[in-house]
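[1] A structural model of the following input is requested.
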Amino acid sequence: MLVLDFVNSLDLRPRREELDAPAALAAWLAARGLVADGQRATEADLREAIELREAIRTLLAAHNDVPVDVEPASAVLDAAARRTGLGVRFTAGGVRLEPSATGIRAGLGSVLADVAARMADGSWDRLKACRADDCLWAFEDTAKNRSRAWCSMRTCGNRQKARVYRARHLPSNSSSR
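    Numbering: from 1, shown residues only. Got it, this is the predicted structure:
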């Protein structure tokens, strides 16, 4: 899923940044067919992409009851949509969102179009960022009741359960007098 792949281009545990240089951004977009092979990106393109990615991550964290401010994140998406010329296009009796920009901005516009399409079809609310503040991995909540909080119960969920268990069952370090 494009939007999840984009957000997860930064893995916080262990820290692995796929978009660590302009050329890496161009390669990431080209690998997904969003820009032509050999397209060049600038430092400004990279800054815009990372700002966009982290704004999307913030919105996904809000879906998981993480206390974040969604207004600045929404403003980042709105500004990026204007820069990419994202607009409605009517083709073959259908409608789709498409950027009018070219190059790297067009690729980023395609990511935004994916976000907008998911908002429109109702699948956006199922996309979340893990509640673990050292993870924030983006995932699709496939639980029937939309109750998933962790990217994985084997990792983040298990760590949280262990923390809660220890807090309840281990004796306090404070001594009574």
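[2] Would you map the strands across this structure?
    Under the criterion DSSP state E, the chain contains strands at 10-12, 15-17, 87-91, 94-98, 127-129, 138-140.
[3] which one of those strands has the most crowded surroundings?
    strand 127-129 (a mean of 25; mean count of other CB atoms under 10 Å). Any C-beta I mention is one placed from the backbone N, CA and C, and that applies to glycine too.
[4] Who are the packing partners of it?
    helix 2-7, helix 43-62, strand 138-140 (3 or more CB pairs under 8 Å, 6 or more residues apart in numbering; DSSP states H and E).
[5] hmm, try it at 7 Å
    On a contact count with 3 or more CB pairs under 7 Å, 6 or more residues apart in numbering; DSSP states H and E, strand 127-129 meets helix 43-62, strand 138-140.
[6] Turn the ones you listed into a markdown table, columns for mean pLDDT.
    Below are the helices and strands packed on strand 127-129 laid out as a markdown table (pLDDT from 0 to 100):
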| stretch | mean pLDDT |
| --- | --- |
| helix 43-62 | 98 |
| strand 138-140 | 94 |
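[7] Give me the distance between the closest residue to Ala106 other than its chain neighbours and Asp141.
    In space, and not counting its chain neighbours, Ala106 is closest to Pro99: 4.7 Å by CB to CB, 6 or more residues apart in numbering. Using CB to CB, to the nearest Å, Pro99 is found at 28 Å from Asp141.
[8] Compare the two and say which is more crowded by neighbours.
    The residue with more neighbours, out of Pro99 and Asp141, is Pro99; 23 against 16, by other CB atoms under 10 Å.
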